[in-house]
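In: take a look and give me a structure for this.
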Amino acid sequence: MSRSVRLVPAFAALLALSTTACGGGVHGAPGGSGVRDPYFPRAGNGGYDVGHYALTLDYTPATRRLTGTAVITARATRDLSAFDLDLAGLDVESVTVEGRKARWNRTGQELTVRPHDDLSSGETFRTTVRYSGTPRTLTDPDGSEEGWLPTADGALALGEPVGSMAWFPGNDHPSDKATYDIAVTVPKGLQAVSNGELTGRSDEGGRSTYRWHTAQPMASYLAMVAIGHYTIERTTGPHGLPVLTAVDPTQAKASAEVLAKIPEILDWAELNFGPYPFASAGAVVDRPHDAGYALETQTRPVFHGAPDISTLVHELAHQWYGDSVTPASWRDMWLNEGFATYAEWLWEEDQDGKSAQQTFDEYYEGDHEEIWAFPPAKPSSAAHISDSPVYERGAMVLQKIRQKVGDERFYDILQGWAATRRHATASTADFTAYVEKTAPGKDFTGIWKDWLYGDRKPARP
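Out: Sure thing, here's the model as predicted:
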């Protein structure tokens, strides 16, 4: 498997990264690879902040060949002589910065770019990468697959935690969110579904192009493309919100009843979590074995087969907690999954089922040793960021806060947190500080120490 399509001698590469632009001016330094995420240290890159991705993709399922052009608009956060993009596999054909040819080289997932002229801190610049090849399916530390997943009639592109680099170059870490335009060309007769709103479709020469626009900031791991035969349905949610579902025909009958509840769930979620944070909603349902898991891709979650109501509630709740309020690092994953799991508990409570407290008690008193394996705010390794402590014990933290402050203040916290961090990123420390500020006079020391960061099953008060 080729890691580079351009041979750069080691000395030349070192020289390219260590010298400044000819003619003087800005004296920058390389931006650096990785943002020191505690679980995925190579993810993301330093020295710049992406504002917008314009991706133009052409895919042929029969040959599994992808051709792409990525136009990345970013702002330098310090003087730069070079910067990195994350890209796993694929062959890079050319790189330009501000329309001028740039030097580049490949090392593993790093595409290192040296522009013709150094970039000044605060400068906005546009990088264009043209690439092609057979995109990879990546295997995560927990054994699940992401990246580009070939399906029976097309493909699914999924990115949690680091899979987006399998199909486009970028700053692949949740701390750097951007807006997106994604155009996908496929053989005529197939559909291409992505995030946001469909802004156009055209047919030419036996191929169809679908253009999607995401105006609200999105983390790279939430970007999605689904290619295949789909039954497309459009309806509306709260306040006339456009709701688009794309369902594999083999799953249409089994999915119909639960997907019809999307407007109802969104209406319920707005009452509990505040205004829906995006311009559209919906879902993609593919065949059961195409991905093997559901994922909260922004505006349009992906499901492997017809979802049950709890899973649908979970993934839609992520639109607030995870998609709009995005974790600052993968250590903060419980801010996604604990909240979405707690949404399932609230939904059941509001449907006259078990109360959230009853669900809490069942986990505490039952045979659920797995939830005490590590603290929700400090998973033991990258392989365990999606394990039970992050989900169920994370939800238990929220129930403990509810016990402490009472229902009225608790819902203020849920809604205020979503509003305060809308379209931004947040850490666990940000959340605990917000709770303490919102409920002055309450002592949360025991909750943070025993339930959020404690290594053992806490004693029952």
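In: name the SS class of the closest residue to residue 322 other than its chain neighbours, please.
Out: Nearest non-adjacent residue to residue 322, counting by CB to CB, 6 or more residues apart in numbering: residue 336, 3.6 Å away. C-beta coordinates here come from the backbone N, C-alpha and C atoms, glycine included. Going by DSSP: H, G, I helix; E, B strand; the rest coil, the secondary structure assigned to residue 336 is helix.
In: what about residue 336, how many residues close to it?
Out: Counted with other CB atoms under 10 Å, residues neighbouring residue 336 total 26.
In: hmm, residue 319 and it touching each other?
Out: No - counting by CB atoms under 8 Å, residue 336 sits too far from residue 319 to count as a contact (11.0 Å).
In: beta-bridge partners for residue 67, please?
Out: Counting by DSSP bridges, residue 67 forms beta bridges with residue 58, residue 132.
In: ok, now the one 5 residues further on?
Out: Note on residue 72: beta-bridge partners by DSSP bridges are residue 53, residue 127.
In: ok, it - contacts?
Out: Residues in contact with residue 72 (CB atoms under 8 Å, 6 or more residues apart in numbering) are 50, 52, 53, 54, 85, 126, 127, 128, 129, 169, 170.
In: so what pLDDT did it get?
Out: Residue 72 carries a pLDDT value of 99.
In: what residue ranges in the stretch 201-350 of the chain score low on pLDDT?
Out: Under the criterion pLDDT under 70, no range of the stretch 201-350 of the chain is flagged.
In: show me the helices in it, by range?
Out: 252-259, 262-273, 288-291, 309-317, 334-350 (DSSP state H, counting those that start in this stretch).
In: can you say which of those is packed in most?
Out: Most buried of these, by mean neighbour count (mean count of other CB atoms under 10 Å): helix 334-350, with a mean of 23.
In: report the beta-bridge partners for the nearest residue to residue 247 once chain neighbours are set aside.
Out: Using CB to CB, 6+ apart and skipping the chain neighbours, the partner closest in space to residue 247 is residue 285 (4.4 Å). In this entry, residue 285 is beta-bridged to residue 247, residue 303, by DSSP bridges.
In: residues touching residue 285, list them.
Out: The neighbours of residue 285, taking CB under 8 Å, 6+ apart as the test, are 245, 246, 247, 248, 251, 255, 259, 302, 303, 305, 306, 307.
In: closest to residue 398 out of these?
Out: Nearest to residue 398 out of those is residue 307 (CB to CB; 22.6 Å).
In: how about that closest one, nearest residue that isn't a chain neighbour?
Out: Per CB to CB, 6+ apart, closest to residue 307 is residue 258, 5.9 Å.
In: measure that neighbour to residue 296 for me?
Out: Separation of residue 258 from residue 296 (CB to CB, to the nearest Å): 16 Å.
In: that older thread, list residues touching both of residue 336 and residue 319?
Out: residue 296.
In: could you check which helix or strand contains residue 399?
Out: helix 394-405 (DSSP states H and E).
In: so what does the helix or strand following that helix touch, helix or strand wise?
Out: Sequence order places helix 407-420 as the next helix or strand after helix 394-405, per DSSP H and E. In terms of contacts (3 or more CB pairs under 8 Å, 6 or more residues apart in numbering; DSSP states H and E), helix 407-420 is packed against helix 262-273, helix 394-405, helix 428-438.
In: so which bits of whatever helix or strand comes next after helix 407-420 are buried?
Out: Once the chain leaves helix 407-420, the next helix or strand it forms, by DSSP H and E, is strand 424-426. In terms of neighbour count (16 or more other CB atoms under 10 Å), strand 424-426 has its buried residues at 425, 426.
In: strands paired with strand 424-426, and their directions?
Out: strand 325-327 (parallel).
In: which one of the helices and strands packed on helix 407-420 lies nearest to residue 46?
Out: helix 428-438 (21.1 Å).
In: okay, the angle between the closest one and helix 394-405?
Out: 20 degrees (axes from the mean of the first three to the mean of the last three CA atoms, to 10 degrees).
In: hmm, who's touching helix 428-438?
Out: So helix 428-438 is contacted by 328, 331-332, 334-335, 377, 401, 409, 412-413, 416-417, 420-421, 442, 444, 448, 452 (CB under 8 Å, 6+ apart).
In: buried set for that helix?
Out: 428, 430, 431, 432, 434, 435, 438.
In: and those as CSV, adding distance to residue 203 and pLDDT?
Out: Formatted as CSV, these follow (distance: CB to CB, whole Å; pLDDT from 0 to 100):
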residue, distance to residue 203, pLDDT
428, 49, 98
430, 47, 98
431, 48, 98
432, 53, 98
434, 49, 98
435, 53, 98
438, 53, 97
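In: let me know the closest of those residues to residue 113.
Out: The closest of the buried residues of helix 428-438, once distances to residue 113 are taken by CB to CB, is residue 430, at 32.0 Å.
In: distance of that closest one relative to residue 281?
Out: 26 Å.
In: residue 95 now?
Out: 36 Å.
In: and what of residue 62?
Out: Taking CB to CB, one finds residue 62 at 33 Å from residue 281.
In: who has more neighbours, the two?
Out: Between residue 62 and residue 281, counting by other CB under 10 Å, residue 281 is the more crowded of the two (24 against 6).
In: what's near enough to touch the closest residue to residue 404 other than its chain neighbours?
Out: In this structure, residue 404 finds its nearest non-sequential neighbour in residue 442, 5.7 Å apart by CB to CB, 6+ apart. Contacts for residue 442 were tallied using CB under 8 Å, 6+ apart; they are 404, 405, 436.
In: same question for residue 379.
Out: Applying CB under 8 Å, 6+ apart, the residues contacting residue 379 are 39, 331, 333, 385, 387, 389, 390.
In: roughly how far apart are the closest residue to residue 289 other than its chain neighbours and residue 180?
Out: Nearest non-adjacent residue to residue 289, counting by CB to CB, 6+ apart: residue 304, 7.1 Å away. Using CB to CB, we find residue 304 at a distance of 23 Å from residue 180.
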